[in-house]
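[1] Pasting the sequence and the predicted coordinates here, then a few questions.
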Amino acid sequence: MNGRGSEGLPAAPGPGAAAQPPGRVLIAGCGYVGVALASQLVTSGERVLALRRGDAPLPEGVERFTADLGKPETLLGLPSDIDRVVYAAAPDASTTDGYRRTYVEGLRHLLAVVGTGPRLVFTSSTAVFAEDEGGVVDEESPTATSGHPAILLEAEALVRAAGGVCLRLGGIYGPGRDRMVRAVVSGTARTPRAPRHGNRIHRDDAASAAAHLLRLPAPDPVYIGVDLDGADLATLYAWVAGELGRPPPPIEDEDGTSGARPSPHKRCTSAKLRASGWQPAYPTFREGYAHALQAARRVAQEAPR
Ligand SMILES: NC(=O)c1ccc[n+]([C@@H]2O[C@H](COP(=O)([O-])OP(=O)(O)OC[C@H]3O[C@@H](n4cnc5c(N)ncnc54)[C@H](OP(=O)(O)O)[C@@H]3O)[C@@H](O)[C@H]2O)c1
């Protein structure tokens, strides 16, 4: 059911009417990436409505819509001039229930209200790809069939049915999300025995990729959003350590247990997204982590010797 009247869409201008200004962009789930996206869109003159449950601060110029995607009745007051949606909600906990509630049920509830008219971009994950032996992965590569990735794929199926676009993002890092640098600084990082190729994207590039897909004429259903250097973890650790004048982290225990959860091992390519006109501002982790490294150096200098 559409809770916004018979069509749920803004009326098209009549003959001879001046072109309507574009409607609002709804960011459903406005957290780490959503806030960066909201800022970028407002800066480029868009009207942005951020949907989240709480009252956490939003960037200047962003309108707030307080609702819970898990509670369909809270979505009924959504305005009717939404013509683009980015679904960027993430579960509070990495559980099967949390995944299903947030990605599948939340999306279904929202689609029931906004309909299939607005351009929809869904922030999915490169975790949906089955590859785990370090092979190159593109949009056509086989996907997983079980676990959390399968739930994400269920949500992706809803997106495709609604004519939307799935943006499969690598691990998102950036200001305040620099766990890797902190692990090296604190000495808890362990270099894997065997290569583990990860896939990353800076927060601002994840946001700009979503913004790009909102504007792209006739997009495909799936794009991968990662940077240009799917370096393996050992390379990353060694680089961070070198930048901080430290030796690389020790090799993990012989049984391969480093205390950390196993990292993915695939090399995703964003060639298709780049061919469509998107470019990352942080092409590799070297540019992306520069800020975190500066902060780490400052802390090291200020620490008592
Ligand atoms: N983190 C990664 O490395 C990674 C990798 C690949 C893909 N992704 C995807 O990228 C997207 C953005 O990730 P992120 O790091 O920005 O996530 P995040 O910081 O955890 O933000 C998610 C937002 O979703 C909102 N939310 C969750 N449940 C909600 C509900 N029931 N109703 C309304 N809002 C709800 C939360 O807002 P409130 O708490 O204020 O309600 C939160 O602000 C997610 O879809 C995530 O799955 C993330």
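    Great, that's in hand. Residues are numbered from 1 along each chain as shown.

[2] E254 falls within a strand, correct?
    No: per DSSP: H, G, I helix; E, B strand; the rest coil, E254 lies outside any strand segment and is coil.

[3] What pLDDT is listed against the closest residue to it other than its chain neighbours?
    Nearest residue to E254, sequence neighbours excluded (CB to CB, 6 or more residues apart in numbering): R193, at 7.8 Å. For glycine as for every other residue, the C-beta is placed from the backbone atoms N, C-alpha and C. With respect to pLDDT, R193 has a value of 89.

[4] what helix or strand does R193 sit in?
    In the assignment (DSSP states H and E), R193 maps to no helix and no strand.

[5] what's the distance between it and V33?
    Distance, R193 to V33, by CB to CB, to the nearest Å: 33 Å.

[6] Neighbour count for those two, which is higher?
    V33 (25 against 14; other CB atoms under 10 Å).

[7] Where do the strands of the stretch 101-250 of the chain begin and end?
    119-125, 136-137, 165-169, 171-173, 200-202, 222-225 (DSSP state E, counting those that start in this stretch).

[8] Verify the stated contact: L26 with L75.
    No: if you go by CB atoms under 8 Å, L26 and L75 don't touch, sitting 10.2 Å apart.

[9] Which one's more surrounded, the two?
    Shown here are L26 and L75; by other CB under 10 Å, L26 has more neighbours (25 against 22).

[10] Just confirm the more buried one is within a strand.
    Yes: using three-state DSSP, the assignment for L26 is a strand.

[11] For N199, give me its contacts.
    T126, G170, G171, V226, D227, G230, P264, K266, R267, C268 (CB atoms under 8 Å, 6 or more residues apart in numbering).

[12] circling back to that earlier point, now the strands of the stretch 101-250 of the chain in JSON lines, with mean pLDDT?
    Conversion of these to JSON lines gives the following (pLDDT from 0 to 100):
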{"stretch": "strand 119-125", "mean pLDDT": "98"}
{"stretch": "strand 136-137", "mean pLDDT": "98"}
{"stretch": "strand 165-169", "mean pLDDT": "98"}
{"stretch": "strand 171-173", "mean pLDDT": "97"}
{"stretch": "strand 200-202", "mean pLDDT": "98"}
{"stretch": "strand 222-225", "mean pLDDT": "98"}
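
[13] Adding mean neighbour count, write those strands out as TSV.
    Formatted as TSV, those follow (neighbours: other CB atoms under 10 Å):
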stretch	mean neighbour count
strand 119-125	25
strand 136-137	19
strand 165-169	26
strand 171-173	20
strand 200-202	27
strand 222-225	25
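
[14] right, and these - which one's nearest Q301?
    strand 171-173 (23.4 Å; CB to CB).

[15] so does that closest one get close to the ligand?
    Yes: counting by CB under 6 Å from any ligand atom, the ligand is contacted by strand 171-173 at G171, I172.

[16] Same question for stretch 28-47.
    Yes: using CB under 6 Å from any ligand atom as the criterion, contacts between stretch 28-47 and the ligand involve G29, C30, G31, Y32, V33, G34.

[17] Drop anything exposed from those.
    Burial by neighbour count, 16 or more other CB atoms under 10 Å: within the residues of stretch 28-47 next to the ligand this picks out G29, C30, Y32, V33, G34.

[18] The first one touches A50, doesn't it?
    No: applying CB under 8 Å, one finds G29 not in contact with A50, separated by 9.0 Å.

[19] Leaving aside the residues adjacent along the chain, what's closest to E131?
    K266 (4.0 Å).

[20] Hmm, A238 is touching P248, no?
    Yes: counting by CB under 8 Å, A238 does reach P248; the two are 4.3 Å apart.

[21] Now for the two: what residues contact both?
    T191.

[22] ok, the residue of the chain found nearest the ligand - contacts?
    Taking CB to the nearest ligand atom, the ligand has its nearest neighbour within the chain at G31, 1.9 Å off. Contacts here follow CB under 8 Å, 6+ apart; on that basis G31 touches R52, A88, A89, A90.

[23] Repeat the analysis, applying 10 Å as the threshold.
    A50, R52, A56, A88, A89, A90 (CB atoms under 10 Å, 6 or more residues apart in numbering).
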